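S.K.: my questions are about this predicted structure, shown below with the sequence.
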Amino acid sequence: MPDIDGAKTIPMLLVGAWLLPLGSFGVLLFFSPWLDRRGRAAGWLAVGAVAGAFLLCTIALGFWLSQPPADGFGWSQHSVSFADPEAAGHSIPADSRHSQPPAPRHSHALRVSEQPSGPSDAGTFHEANRRPAPMVGRLFTWAKFGQYEISISYYIDTLTVLMCTMVSLVALCIHIYSVGYMAEELHEVVDPLVLDAQGKPLRRPGRFGRFFQYLSLFTFSMLGLVLAGHLVMIFIFWELVGLCSYFLIGFYRERPSAQQAAMKAFVVNRVGDMGFLVGLMALGGLVGTWSLGDLPDPAGEPTGGLFSQLQTLLAGQPGPSSGGLPSSDGGFSRTLWILAGLGIFCGCVGKSAQFPLHVWLPDAMEGPTPVSALIHAATMVAAGVYLVGRFYPAFPPEVLWVIAGVGCITLVIGATIALVVTDMKRVLAYSTISQLGYMMLGLGVGGWAAGLFHLLTHAFFKALLFLCSGSVIHAVGTNEMPQMGGLRRKMPWTAWTMLVGCLAIAGAGVPGLVGLSGFYSKEAILAQAYLFWNTAPAVGGWLFGSALVGAGLTAFYMFRLWYMTFAGPPNDEHIYHHAHESPPVMVAPLVVLAGLAVAAGWSVPGTARSLQQLLDQDRPTLLAAESSSSSKLVDQAPVDRISPEESGRAVSAGSAFWPVPIPEEHLSHDPAVAGPVGWMAFAAALVGFLLATVMYGLRKLEPARFVQAVPAVYTFLKNKWYFDQLYEMVFVRPALWLAERTVDADRHLLDRAADGMAVGLIRLAHLEDWLDRRWVDGLVNRSAEAAYRLGLELRRVQTGQLRQYVLWAVLGAVAIFVLLSLGS
Amino acid sequence: MSGSILPTILFFLFASLACAGAVGVLLLQRIVYMAGALLVSLAGVAGLFFIAGADFVGLVQLMVYVGGTVVLLAFGVMLTARRSQPGWQVPAGQWAAGLAVGAVLLAVLLWSVLAVPPWRSVWPTVSAEGAPSGGVATVTTGSAYQQEAQPGTIGPLGWALLGVRTDRAIQQDSSQAPLDSSQAQANFSQAPPNRFQARPDSAQTVLDPSQEDARQTGRSGYLLPFEIISVHLVLVLIGAAFLARARIPFPSSPLPAVGEAGLTNGQAG
Amino acid sequence: MLHPVTLAHYLVVGAVLFSCGVLCMVLKRNALGVLMGVELALNGANINWVALSSPALRADPAWSLGLDGQLMALFVIVLAAGEAAVALAIALNYYRLYLSVDVDQASQLKG
């Protein structure tokens, strides 16, 4: 495709892919009742739109991969080869992340190119750093306030393209699956969980079209969020995603539990979004722009985007070791920077269900299962991780540590609760929380590519798992795993694809040889955490240990789920009897997703190209690290020879407050790190798998004995670490109490005051009425009466007697004369 | 001084005629007598006009008033006179009040007439400092009003109507040279600085040309007012004829029979 | 005693005529009598005009009104004639309606 200018085509394709679901949403918004009378037309319409989007995204990905490699390392090279302003007027190549001095990167590239190449060899990812510059452009300017501009613009780099493709692909599978799954909504629905006034199950019209309408809007919002090149636009789509999740979680809006779950999700997200807004404002105030990339101003000159501005600000700063106190001269304030980072991460915490805002995600299972799949895999929770990845270079190290810590806590909480939950979807929900914790941990310890790679692979296998569970629930009509069992004989496709999903999420694979997608991504995160342990032994050990234990727990609870559902004898003959395999329209996406779950981590045969490599190429460096001059030391020294003290001193990317370095990610591909970590992960997963097999597959060990052994732990986990109770006590109760007091105050103070005021006004009005009648009217009436009387009196003068008039005239003349002569 | 006595006698004669007629009109009760008294009074007034030198005005007075208006009144009297008109007597109280008011009015008028010094005498009033030349001048100017040689006013009035002020023209001719007092009396248009203030010696007066110009431009002919008056009179006469013409009274008239009687009466007149 | 006739003499005559005219208006119930009073009053005024216009009555002829006064007198005479005509017409109409020319009866304008 040499004739096609990728810089023009790729944004066009992606914007088209973005707008297609919007079109579907628009059509369904107005015509869904009409379409509902015509079978599954609404569903297929939405599927068509998303399929079109996926097609466009795939083409865009192809273009992106076929871009001529930017073989230089300075951004000036990129501008010539890739995004010349004259050639593509909307694409400005001024990405600040490339303005790094080329020398260290060059030496690093030389070094890694000596690594032997192989499909699972981490070193091969660095055979050439050919990171293309992001494409930025403005679709239209919305508003301008001085230096601040609000525009609908896009920012396309490898992450964007991959996310678009992943989102549209997963959404496509879920759309197709929903056409089958939501078929009951085509007709009148009897909801046994809701009783109407007569105590009978509620009957309501089906909402097939409405469902796909929300689904399309959801896809549109997520694609817009991924494409967005402006913070305000990001926020808009961020909120749209939240809104759609609200709609879909509460899709069965007649059920009180669904209403509460939707509200919970929305409210909890509001908490995070509040922080996000604060972060946005802080960031805007800090760097003076909200645009991610360097958009051209009306004159065509590139204006500094967020990243380049931030880099300029950092470059003008003295090193962090000399003290990053907030500057008093109105310049760069490190405190504000940290605040901005924390705020943005706060939004991600809400969206991605991180501790302490993770409580909404399990409740979100109230929505239809495809919605859960969409939320957990492609859209809602992915948004938070995506955003952290997007802002990764702009985060100060302190925030990265917070991210890592939060991720680690989330990981443990999710994994432990998943051990004891019996609701099938909730197990998956907690596993999602746990995996999101993995991603955050990976991002926090510097593994940008690892975290996002895990996001992509997790999207595939988590969508697969949810769709499988949906298939099971669809077949048996219950979520409770103890009522299932032995279903693999009834629904083999679902069983085996789900087994693939379980293996993938558990990270099955042989280190150094081959593995499922989850194996690669999880191993990358673990390796990065290990590296971090190396540089920061105090906390890194905890982080790495938790991640490792979490890997084992993941394997355990996933296989516990699989065994309880599909293996062994049926626990409920009645349910088992009615179970059946799902229709092909639901099975087909399962197979596709299973294939992806297996192969997403592989590289293209014969080459070193893989998802991870793509991400690795586009891996941004921390601006904070860039601004420090000594990071090249770690680059060049073998990792196992760096003592913690040395690296702590060397990589002074940290702040003066807490000088713990963030390790460079490419070091984690070093066999010295990747080898042992891979084996450790393998062992942990194996232990988990074996334990699950023994307990639930072979039923040699009774779970109840464990429960009896440590009942306190079991109760603690069963109650989800008492988070809901805690929040109930700390937030909900006081809020309700405050509300009641407010109501009291309203009734007894405000109402009374208002009543009193009204009474007073009435009295005043009576007084004024009296005044008005007595005095104002009286005065007017009196004067009128006086005038009337005067007229009556004067009337007598007018006798009509001509002669009298003459007499009076004469008298008047005489009088005037007399008066005049008297006066003179 | 006999030459100066005759006009004085004539004046008192006509004045007494006029006043007597007026008082007669006031005091007589019969309307026909009143008309006669009015005739006498108006004729006396005409005579006064002649004596004052306004011969044309006197002629018009005779022709219009004595010959026209009074005849008109006489016709009116005849048309409206009825044999018995009871209750027409004005009450004595009204008489008293009217006479009182009339007396006051007369007193006021007389007082004002006599209070203005130049009106009381032919001669300029001697100022408080005394009038050295006033006494002599009185004698000479005392005969001025009886100049028989004074030309009639008919011609000048006609010219004045056309805009030619002969009286003003004379003054322009004579203003060139200093005048003695005898010349000054013939030239009756010399302008004093103040009309109501005595001027000791007119010979000393130097005319102010600019003042003269202002007068001349300010006092032009009376043709336009005269024409307006003429048109006005025509309208008035037409209106009078319209009002006085016979017409059939409205059926809703409060006194239809009487109205008809009046109508016939009017037609008979 | 025979002083020459002065302006004041004329004015006195005019005042007498005027006063008589006004008294006529006040004291006559006959409309024609009232009309005569009006004529008398007008004549009194006319005497004043003519007297003030006469050069012979003034020590300084320049103080007289001259022809202006006489012309005004003429206008007054003419207007009085018109007025008399109209007044007579009104009186006749009134007489036709009420068979009387009593002004005391004509009190429709009584307030």
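M.R.: Arrived safely, thanks for sending.
S.K.: enumerate the residues of chain C near chain A.
M.R.: Within chain C, the positions adjacent to chain A are C:22, C:25-29, C:34, C:103-104, C:106-111 by CB under 8 Å from any CB of the partner chain. C-betas here are computed from N, CA, C, even on glycine.
S.K.: err, chain B, not the other one
M.R.: So chain B meets chain A at B:Q94, B:A97, B:G98, B:V101, B:G102, B:V104, B:L105, B:V108, B:S112 (CB under 8 Å from any CB).
S.K.: looking at these, which are in helices?
M.R.: B:Q94, B:A97, B:G98, B:V101, B:G102, B:V104, B:L105, B:V108, B:S112 (DSSP state H).
S.K.: so the first one is in contact with C:L27, correct?
M.R.: Translated: B:Q94. Yes: here B:Q94 reaches C:L27: they are 6.7 Å apart, a contact under CB atoms under 8 Å.
S.K.: now for the two: what residues contact both?
M.R.: Both B:Q94 and C:L27 are in contact with A:R803, where contact means CB atoms under 8 Å, 6 or more residues apart in numbering or on different chains.
S.K.: among those two, which residue is more densely surrounded?
M.R.: C:L27 (22 against 17; other CB atoms under 10 Å in any protein chain shown).
S.K.: tell me the contacts of the more buried one?
M.R.: Contacts for C:L27 (CB under 8 Å, 6+ apart) come out as A:R803, B:L26, B:V90, B:Q94, B:W95, B:G98.
S.K.: for chain B, which spans come out with low pLDDT?
M.R.: B:1-4, B:81-88, B:118-151, B:165-221, B:246-269 (pLDDT under 70).
S.K.: now swap in chain C and tell me
M.R.: C:1-3, C:58-63, C:111.
S.K.: ok, the stretch 251-400 of chain A next?
M.R.: A:297-302, A:316-332.
S.K.: where does the stretch 451-600 of chain A come near chain B, residue by residue?
M.R.: For the stretch 451-600 of chain A, no residue is in contact with chain B (CB under 8 Å from any CB).
S.K.: in the stretch 451-600 of chain A, which segments are predicted with low confidence?
M.R.: A:512-513.
S.K.: contacting residues around the spatially most central residue of chain C?
M.R.: Geometric centre of chain C, nearest residue: C:L42, 1.6 Å, by CA atoms, centre = their mean. When the contact criterion is CB under 8 Å, 6+ apart, the partners of C:L42 are C:G21, C:V76, C:A80.
S.K.: is there a quick PyMOL command that grabs whichever of the residues of chain B next to chain A are buried?
M.R.: A single PyMOL command selects the buried members of the residues of chain B next to chain A (16 or more other CB atoms under 10 Å in any protein chain shown):
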select buried, chain B and resi 94+97+98+101+102+104+105+108
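S.K.: neighbours around A:G199, how many?
M.R.: 6.
S.K.: please, which helix or strand holds A:F140?
M.R.: strand A:135-145 (DSSP states H and E).
S.K.: quick one on the thing from earlier: between the contacts of C:L42, which has the most around it?
M.R.: C:G21 (27 neighbours).
S.K.: related to what we said a few turns ago, turn the contacts of C:L42 into TSV, columns for distance to A:M484 and secondary structure.
M.R.: Formatted as TSV, the contacts of C:L42 follow (distance: CB to CB, whole Å; DSSP: H, G, I helix; E, B strand; the rest coil):
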residue	distance to A:M484	secondary structure
C:G21	137	helix
C:V76	134	helix
C:A80	134	helix
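S.K.: among the residues you listed, which one sits closest to A:T158?
M.R.: The shortest gap between A:T158 and any of those belongs to C:V76, at 118.8 Å (CB to CB).
S.K.: next up, the contacts around that closest one.
M.R.: Applying CB under 8 Å, 6+ apart, the residues near C:V76 are C:L42, C:A45, C:N46, C:W49.
S.K.: closest one of those to C:L88?
M.R.: C:L42 (14.9 Å).
S.K.: quick check: which element contains the closest one?
M.R.: For C:L42, the element it lies in under DSSP H and E is helix C:31-53.
S.K.: check C:A85 too.
M.R.: Using DSSP H and E, C:A85 falls in helix C:67-98.
S.K.: that helix vs helix C:31-53, what angle?
M.R.: If you take axes from the mean of the first three to the mean of the last three CA atoms, to 10 degrees, helix C:67-98 sits at 180 degrees to helix C:31-53.
S.K.: before we move on, back to that, state the distance from the residue nearest to the centre of chain C to chain A.
M.R.: Distance, C:L42 to chain A, using CB to the nearest CB, to the nearest Å: 14 Å.
S.K.: which residues of the stretch 201-350 of chain A fall in strands?
M.R.: Assigned strands in the stretch 201-350 of chain A, in chain order: A:201-204 (criterion: DSSP state E, counting those that start in this stretch).
S.K.: ditto for chain A
M.R.: A:135-145, A:148-156, A:189-195, A:201-204, A:509-510, A:514-515 (DSSP state E).
S.K.: which two of the ones in helices among the residues of chain B next to chain A have the greatest separation?
M.R.: Farthest pair in these, by CB to CB: B:Q94 and B:S112, 26.6 Å.
S.K.: circling back: so which of the contacts of C:L27 reach chain C?
M.R.: A:R803, B:L26, B:V90, B:Q94, B:W95, B:G98.
S.K.: can you pull the contacts of the second one?
M.R.: For B:L26, the contact set (CB under 8 Å, 6+ apart) comprises C:C20, C:L23, C:C24, C:L27, C:G37.
S.K.: is it true that the third one touches C:V34?
M.R.: Yes: taking contacts as CB under 8 Å, C:C24 lies within contact range of C:V34: 6.7 Å.
S.K.: the two: which is more packed in?
M.R.: Higher neighbour count among C:C24 and C:V34: C:C24, with 29 against 23, using other CB under 10 Å.
S.K.: got the contact list for that one?
M.R.: For C:C24, counting by CB under 8 Å, 6+ apart, the contacting residues are B:V25, B:L26, C:G33, C:V34, C:M36, C:G37, C:L40.
S.K.: show me where the stretch 651-800 of chain A has its helices.
M.R.: Counting by DSSP state H, counting those that start in this stretch, the stretch 651-800 of chain A has helices at residues A:671-692, A:703-709, A:711-718, A:723-727, A:733-744, A:752-771, A:778-795.
S.K.: give me whichever of those helices is most buried.
M.R.: helix A:671-692 (a mean of 20; mean count of other CB atoms under 10 Å in any protein chain shown).
S.K.: TSV for the strands of chain A, including distance to A:R270?
M.R.: Converted to TSV, the strands of chain A look like this (distance: least, CB to CB, whole Å):
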stretch	distance to A:R270
strand A:135-145	24
strand A:148-156	22
strand A:189-195	27
strand A:201-204	29
strand A:509-510	40
strand A:514-515	40
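S.K.: most packed of those strands?
M.R.: Note that of these, strand A:148-156 is the most buried (mean count of other CB under 10 Å), with a mean of 22.
S.K.: next one: that one to chain centre, how far?
M.R.: Averaging C-alpha positions (CA atoms, centre = their mean, to the nearest Å) puts strand A:148-156 19 Å from its chain's average.
S.K.: show me what that strand is packed against.
M.R.: Applying 3 or more CB pairs under 8 Å, 6 or more residues apart in numbering or on different chains; DSSP states H and E, we find strand A:148-156 packed against helix A:6-36, strand A:135-145, helix A:208-227, helix A:231-249.
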